[in-house]
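S.K.: Any chance you can model this:
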Amino acid sequence: MLTVSSYLSSLAGVMAIAGLALLLLPYVRRDNAPVRILLLGITAFLALRYLFWRVTATLPPFGLTLDSIASIAFVTVEGAALLSSLTAYLILTRRKERSREADENLAWWGDAPAPRVDLYIATYNEEAAVLERTLAGAQALDYPYVRVFVLDDGRREWLDDVCARYGAEHRTRPDNAHAKAGNINYTLSQRLKDEDAPDFVAVLDADFVPHRNFVSRALALFHDRGVGLVQTPQHFFNPDPVQHNLYVAKAYPDEQRFFFDHIEPARDGWGIAVCCGTSSMVRVEALKEIGGLPTESVTEDFLLTIRLDSHGWRSVYLNEPLTEGLAPEGLHEYVVQRGRWCLGMMEIIRNVYNPFTSGALRPLQRLSLLDSLLYWTTTFPFRLVSLACPLLYWYFGTIVVNASVTDVMSYYMPYYVAVLVTLNWISRGMIIPILNDVSQLLAAWPVVRAVAMGLFTKGPHKFRVTAKGGDRTRTVVQWPLMKPFAILFALTLLGMVLPLVFDSGFEHVSRAGDGIRIILFWTIYNLVVLAVAMLACVERPRVNRPQREATERATLSVGTEWGTRVDAAWIDHLGIDEARVRGPSGLAVGAAGTLEIDGVGGVDTTIRGAEADGYRLSLNPTHEQRDRILRKLHTGAARPGAASGSIPGMIRSWMQMLASR
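M.R.: As a prediction, the model looks like this:
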């Protein structure tokens, strides 16, 4: 019989981890390498301890029974996912920051001619508003020796005029062979014939706006002759679908933030930073040596990193917000993008660089490939299998984890708490249970399908461009994505409820003994994750996509029947065609006037609506003012979006949402 003391003794490991966190972590810096290694080492040890217990103490006798087959299958998937985590913990033990190096080498060429840089903006079907934003940013770059090219695989004539207005050159090619990589290779091959051929090429996706210092900061790291490529992080000025649909954008970072803020600097510490396509710069000499961008995979960026490395060129990472782009606005585009990344990675493993057999890889590059392979092939299948296991118990009486509550609290809980403590200390709170599970679950099936397609079919596989822009002003329920979650939710709920209602037909439920508490907790957790995943499939309207929340002083002049009235105001939302101001009162809706914005000038405006503390304004900027607003919104030094997670902040957002209804 279990007693309170037995439960408390089983929590000794959890209390030890919590005590260590409370006593140590508030007093050490996050860049303290020994503490970082200590925490990751403890987490890895607890992971191995847990896995040893799972294999030796929780499996039924081997045999051709459903219990045995299901238990072994689950522990195999779980063990593979833990192996993926262990490689990540190893990589995270180091970290490299290069901002000081960039500061010290901003003009490394000295008295020699300054390097010539081409900026290539690859586009296929993006609308004019998306490209104008990027071109306005490119026009404001502070490096004088750069030529901007729009590489248009859509061959749209109207882009001639748009490019001319921003001082860029519109380039097309006869076909669309090899997608983005082929597009860049074609223009570069033409440019190498010119007298002013570039020394370096910077690459931006069509929806990524460069900050003013993007080129100059990235170029600084090429002072080292061995550097072939510099990657900078991708930041997003709009919330991704999970952030937006769940009302957590102000308090929960975008799904890629942990990778760009923490995994990439850690990889750079090991010398295995990877190219991520947009927001990168490459040495033309290195590209010529390897024959241009590789075209054997739809993720040519990762393959470019390995190809450069195999020729002795290093890829490095500058962890500064130097560009900002448009995250996928729709959930369908969000999952398609992740499926494409996975498919490209599998193509590399299958057709080009196998981490187990390829002879052209350094040991650390093998680790890099193995880490990526394990991430895509274990994390997402584990998420799906974890939803299925409780169903096996409720409907068939199959127990996949034969353990008591005290054993789970002794072996699993210390590891789980150590993961949360360690990764949240490293990342300033980016790892939040349920939300992280939902982010993975939404893409799980497309990723699993991409794994199978990439590893077991020869290809070539069709390249699918992530759609950007378009009408996002309506509520859309993504039924095809929601339906599997709804079915699993109903099956899980029924499986838990039916044994409580009917006595006959569910006798197998009682065989779990003390373990029923584990299965109940597992089931309820799955129900919560599935419910949140379904909520994320309801896409809320998005308006004024370039809008950013930033408080600044302004002057609002409005015509009244007594003459022009001038008020000091605070802008707390600013977009291309609308703004929200606080401060003035007593103004008539529909009145026309001028909003004086620093760095933009006086913009014609109309009062569109009143709010409790101010007004919503419609803006009618001139072409020049529109470009200034774009540059003001997107080319400064500030990083957009949430940098860390905050549960109180999420609660405030949800309360505000409920209050506004």
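
S.K.: Which stretches in the stretch 401-550 of the chain count as helices?
M.R.: For the stretch 401-550 of the chain, applying DSSP state H, counting those that start in this stretch gives helices covering 405-427, 435-456, 479-501, 516-536.

S.K.: List the buried residues of the second one.
M.R.: Of the residues in helix 435-456, those scored as buried under the neighbour-count criterion (16 or more other CB atoms under 10 Å) are 435-448, 450-451, 453-455. No exception for glycine: its C-beta is placed from N, CA and C like everyone else's.

S.K.: Let me have the helices of the stretch 401-550 of the chain in TSV, extended by mean pLDDT and distance to residue 266.
M.R.: Formatted as TSV, the helices of the stretch 401-550 of the chain follow (pLDDT from 0 to 100; distance: least, CB to CB, whole Å):
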stretch	mean pLDDT	distance to residue 266
helix 405-427	92	9
helix 435-456	94	18
helix 479-501	91	32
helix 516-536	94	28
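
S.K.: Just tell me which of those helices ends up closest to residue 353.
M.R.: Smallest distance to residue 353 across the helices of the stretch 401-550 of the chain (CB to CB): 13.3 Å, for helix 435-456.

S.K.: Kindly list the longest helix within this protein.
M.R.: helix 66-92 (DSSP state H).

S.K.: what comes up buried for that helix?
M.R.: In helix 66-92, counting by 16+ other CB under 10 Å, buried: 67, 70-71, 74-75, 77-78, 80-82, 84-92.

S.K.: Quick check: phi and psi at residue 200.
M.R.: Torsion angles at residue 200 (phi, psi; degrees, to the nearest 10) stand at phi -140, psi 150.

S.K.: okay but it is in contact with residue 280, surely?
M.R.: No. Between residue 200 and residue 280 there is no contact, the gap being 10.6 Å when judged by CB atoms under 8 Å.

S.K.: For the protein, identify the residue most remote from the centre.
M.R.: Centroid-distance maximum for the chain: residue 562 at 52.9 Å, with CA atoms, centre = their mean.

S.K.: and that residue, how far is that from residue 586?
M.R.: Distance of residue 562 to residue 586, computed by CB to CB, to the nearest Å: 12 Å.

S.K.: Check residue 181 too.
M.R.: Residue 181 is 59 Å from residue 586, by CB to CB.

S.K.: who has more neighbours, those two?
M.R.: More crowded of residue 181 and residue 586, by other CB atoms under 10 Å: residue 181, with 24 against 8.

S.K.: helix or strand for the more buried one, which one?
M.R.: helix 179-191 (DSSP states H and E).

S.K.: Kindly spell out which helices and strands sit in contact with the helix or strand following that helix.
M.R.: Downstream of helix 179-191, the next assigned helix or strand under DSSP H and E is strand 200-205. On a contact count with 3 or more CB pairs under 8 Å, 6 or more residues apart in numbering; DSSP states H and E, strand 200-205 meets strand 117-123, helix 179-191, helix 214-220, strand 280-283, helix 284-290.

S.K.: what sits up against the first one?
M.R.: Pointing back at strand 117-123 there. 131, 134-135, 138, 141, 143, 145-154, 159, 168, 180, 183-184, 187-188, 191, 198-206, 210, 215, 219, 281 (CB atoms under 8 Å, 6 or more residues apart in numbering).

S.K.: Tell me which of the helices of the stretch 401-550 of the chain sits nearest to residue 250.
M.R.: With CB to CB as the criterion, residue 250 lies closest to helix 435-456 of those, at 13.7 Å.

S.K.: Can I get the closest one as CSV, trimmed to CA atoms?
M.R.: Provided in CSV are the C-alpha atoms of helix 435-456 (Å, rounded to 0.1, in the frame of the first residue of the first chain):
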residue,chain,number,x,y,z
LEU,A,435,2.5,24.7,-26.5
ASN,A,436,5.8,23.1,-27.6
ASP,A,437,3.9,19.8,-28.0
VAL,A,438,1.3,21.5,-30.1
SER,A,439,3.8,23.1,-32.3
GLN,A,440,5.4,19.7,-33.1
LEU,A,441,2.0,17.9,-33.3
LEU,A,442,0.7,20.3,-36.0
ALA,A,443,3.5,19.4,-38.3
ALA,A,444,3.9,15.8,-37.2
TRP,A,445,2.1,13.9,-39.9
PRO,A,446,3.5,16.0,-42.9
VAL,A,447,7.0,15.5,-41.4
VAL,A,448,6.6,11.8,-41.0
ARG,A,449,5.3,11.6,-44.6
ALA,A,450,8.3,13.6,-45.8
VAL,A,451,10.7,11.3,-43.9
ALA,A,452,9.3,8.3,-45.7
MET,A,453,9.2,10.0,-49.1
GLY,A,454,12.8,11.4,-48.7
LEU,A,455,14.4,8.2,-47.4
PHE,A,456,12.6,5.6,-49.5
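
S.K.: Report all helices and strands that the longest helix of the chain contacts.
M.R.: helix 33-57, helix 264-270, helix 363-374, helix 380-396.

S.K.: any chance of those helices in a markdown table, plus mean neighbour count?
M.R.: As requested, the helices and strands packed on helix 66-92 are exported to a markdown table (neighbours: other CB atoms under 10 Å):
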| stretch | mean neighbour count |
| --- | --- |
| helix 33-57 | 17 |
| helix 264-270 | 22 |
| helix 363-374 | 18 |
| helix 380-396 | 20 |
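
S.K.: so how far is residue 276 from the residue nearest to the spatial centre of the chain?
M.R.: By CA atoms, centre = their mean, the mean C-alpha position of the chain lies nearest to residue 256, the distance being 1.7 Å. According to CB to CB, residue 256 stands 9 Å off from residue 276.

S.K.: Which neighbours do the two have in common?
M.R.: Both residue 256 and residue 276 are contacted by residue 234, under the criterion CB under 8 Å, 6+ apart.

S.K.: Would you map the strands across the stretch 201-350 of the chain?
M.R.: Here the stretch 201-350 of the chain has its strands, by DSSP state E, counting those that start in this stretch, at 209-210, 227-231, 235-236, 280-283, 314-317, 323-325.

S.K.: Quick one: closest of those strands to residue 525.
M.R.: strand 235-236 (29.2 Å).

S.K.: buried sites along stretch 585-594?
M.R.: Buried-residue list, stretch 585-594, by 16+ other CB under 10 Å: 587, 593, 594.

S.K.: now that stretch: mean pLDDT?
M.R.: Mean per-residue pLDDT for stretch 585-594: 88.

S.K.: what sits up against that stretch?
M.R.: Residues outside stretch 585-594 that contact it (CB under 8 Å, 6+ apart): 556-560, 564-565, 602-610, 614-615.

S.K.: about what we covered before: okay if I get the helices of the stretch 401-550 of the chain as TSV plus distance to residue 542?
M.R.: As requested, those are exported to TSV (distance: least, CB to CB, whole Å):
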stretch	distance to residue 542
helix 405-427	27
helix 435-456	18
helix 479-501	18
helix 516-536	15
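
S.K.: tell me which helix or strand of the chain sits lowest on mean pLDDT?
M.R.: Sorted by mean pLDDT, DSSP states H and E, the helices and strands of the chain end with helix 4-10, the least confident at a mean of 66.

S.K.: Not counting its own residues, what contacts the following helix or strand past that one?
M.R.: Per DSSP H and E, helix 4-10 leads on to helix 12-24 as the next helix or strand towards the C-terminus. Residues from elsewhere that reach helix 12-24, judged by CB under 8 Å, 6+ apart: 35, 42, 46, 409, 410, 413, 414, 417, 418, 421, 425.
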